[in-house]
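Visitor: Provide a 3D model corresponding to the input given below.
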Amino acid sequence: MYALFKLQEPMLFRGSMEFSPNVRGPKTIATSLILPTPSTIAGALATFYLDTQKLNLPQATGWERDVVEILGLDEAQLKGPYLIVEQDSEEELYIQFEDKDEQHLVKFSEIVRALQSLDQDLRKSLVVKKKKLWELLKDNHVEFYQPAFTERVGTRLERLYKRVKEGGGLYTIRMVDYSVLRSNKESKKSNLSVAVDICGRSKLFELEKREGVLRLGGEGKISQLVIKEGEPLTSKVNKLLTSFEKGEAYLYLLTYSLYRSSKDYLKIQEVCKGGYVAPTVWRRLEEFLREFSPSIKVKYIIGACKILGAGYSLSSETRKPIYATLPPGTIIKVEGTKEDLHKLYREGISEVGSKIGYGTVIPIPLIC
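Guide: Just a heads-up that it's a prediction; the model follows:
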């Protein structure tokens, strides 16, 4: 089963950045992420479930646990989000790729083909050819797509009365517009929807084949939610692993993967060869996967490490924790069995939030 959010207008999917004029100064601006975070999608599904079942919001116990309890995800997981593009009666899955602060969309099929067709190990290719990851992927015919962004000026209002808030002011928002996907080579109109697979039995099965209109993201933007049979992303992963028994594989990280970090945030980052790394992530990922399955071996990670806040909790009116984070587009080379890779996909690699979609990976076995 999967949830499909059909979008009819530009959307604002805010990340974990500061928005208050007290922090940003007179130029207050909010820029949408290229895709919503797992928290945004899970929160929208939880709201839809509570509304349709006429239930009250349960007492807050923790930002992830609240959603897991509402949606009954103890024996289930959300996988994604990702983008489904419908054009000429065909569907194409687009996934996120992040390079530093640049966000792009890439085709699922092109990423798989590029990584499986390399004539040598990925890390060796990057070193020998002196290329960045996005450059190497582009050389292997992976297109990087950018949707349009629409700007609008707004006024800060009081939430209850919708009047201009005392001390408030003007702000600018940059909304993502999926109506046209743009690349260097083409511009085309398509029907686009944000989707997430619902793997396992959950309370959302009570809403199968239900539809509804609900707000998604910021600024009261509207989407049409449809819960349908099938699992588009999961079915593609299962197909990838059909003839694989054991060996090496690349894990392509689809969503942010979160790892608990020190409360002394100034010590999370350390300078390393001119860049910044969170030294705990490699160790935490190795420990996590070792507990996950003793037969899995982590060879290396290609990507950057960031510090990311999980957002703001409206129910408890508190900030969610800050985590050391691997961003979408990170590639991890592992060695394991078919069962290992299925389990990695099913349960994710995020230490926190895996039930709602954080740490979703696409296992891409190497072709010998």
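
Visitor: quick one: buried residues of stretch 201-221?
Guide: Neighbour counts over stretch 201-221 (16 or more other C-beta atoms under 10 Å) mark 202-204, 207, 216-219, 221 as buried. To be clear about C-beta, it is placed using only N, CA and C from the backbone, and glycine gets the same treatment.

Visitor: Quickly name whichever of the residues you listed is closest to Gln96.
Guide: Checking the buried residues of stretch 201-221 against Gln96 by C-beta to C-beta gives Gly217 as the nearest, at 15.5 Å.

Visitor: could you measure Ile29 against Thr172, distance?
Guide: 4 Å (C-beta to C-beta, to the nearest Å).

Visitor: go on, Thr337?
Guide: 51 Å.

Visitor: For Met175, give the beta-bridge partners.
Guide: With DSSP bridges as the criterion, Met175 is bridged to Thr150.

Visitor: which residues touch it?
Guide: Residues near Met175 by C-beta atoms under 8 Å, 6 or more residues apart in numbering: 10-12, 32, 149-152, 219, 221.

Visitor: Give me the neighbour count for the closest residue in space to Glu92 that isn't next to it in sequence.
Guide: With C-beta to C-beta, 6 or more residues apart in numbering as the criterion, Glu92 has its nearest non-adjacent residue at 4.6 Å, and that residue is Val85. Look at Val85: counted by other C-beta atoms under 10 Å, it has 19 neighbours.

Visitor: Check Tyr259 too.
Guide: For Tyr259, using other C-beta under 10 Å, the count is 23.

Visitor: ok, and for stretch 43-56, which residues are buried?
Guide: 43-49.

Visitor: Mind picking the two most distant members of those residues?
Guide: So, the buried residues of stretch 43-56 by C-beta to C-beta: farthest apart are Gly43 and Tyr49, at 10.8 Å.

Visitor: quick one, domains of the chain?
Guide: Domain assignment for the chain by automatic domain parsing gives 2-118+143-231, 234-365.

Visitor: can you list these in JSON lines and add mean pLDDT and distance to Leu133?
Guide: As requested, the domains of the chain are exported to JSON lines (pLDDT from 0 to 100; distance: least, C-beta to C-beta, whole Å):
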{"stretch": "domain 2-118+143-231", "mean pLDDT": "81", "distance to Leu133": "7"}
{"stretch": "domain 234-365", "mean pLDDT": "82", "distance to Leu133": "6"}
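
Visitor: I'd like these laid out as a markdown table, including distance to Lys129.
Guide: Below are those laid out as a markdown table (distance: least, C-beta to C-beta, whole Å):
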| stretch | distance to Lys129 |
| --- | --- |
| domain 2-118+143-231 | 11 |
| domain 234-365 | 14 |
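
Visitor: so which of those gets nearest Leu137?
Guide: Checking those against Leu137 by C-beta to C-beta gives domain 2-118+143-231 as the closest, at 5.5 Å.

Visitor: From the opening residue of the closest one to its closing one, how far?
Guide: 6 Å (C-alpha to C-alpha, to the nearest Å).

Visitor: quick one on the thing from earlier: quick one, which of the domains of the chain gets closest to Lys130.
Guide: Closest among the domains of the chain, once you apply C-beta to C-beta, is domain 234-365, at 14.4 Å.

Visitor: Centroid-nearest residue for the protein?
Guide: The residue lying closest to the centre of the chain (C-alpha atoms, centre = their mean) is Thr255, at 3.0 Å.

Visitor: wait, which of the domains of the chain is closest to Val127?
Guide: In terms of C-beta to C-beta, the element of the domains of the chain nearest to Val127 is domain 234-365, at 10.8 Å.

Visitor: still on that earlier bit, just give the nearest non-adjacent residue to the residue nearest to the centre of the chain, would you?
Guide: Residue nearest to Thr255 in three dimensions, not counting chain neighbours: Thr360, with 4.8 Å by C-beta to C-beta, 6+ apart.

Visitor: What of Ile331?
Guide: Nearest in space to Ile331, with sequence neighbours left out and distances taken as C-beta to C-beta, 6+ apart, is Ile302 at 4.7 Å.

Visitor: Share the number of residues neighbouring that neighbour, please.
Guide: 16.

Visitor: That one and Phe244: what is the separation?
Guide: 21 Å.

Visitor: Over to Gly220?
Guide: Distance, Gly220 to Phe244, by C-beta to C-beta: 45 Å.

Visitor: can you check Ser109 too?
Guide: For Ser109, the distance to Phe244 - C-beta to C-beta - is 18 Å.

Visitor: So for those two, which residue has more residues nearby?
Guide: Phe244 (18 against 13).

Visitor: what about the helices in the stretch 51-200 of the chain?
Guide: For the stretch 51-200 of the chain, the helices defined by DSSP state H, counting those that start in this stretch cover 63-71, 108-116, 122-129, 133-139.

Visitor: and if you look at the stretch 201-350 of the chain?
Guide: 232-240, 280-292, 338-347.

Visitor: so the residue nearest to Glu92 makes contact with Val194?
Guide: No. With contacts counted by C-beta atoms under 8 Å, Val85 stays clear of Val194, the gap being 11.0 Å.
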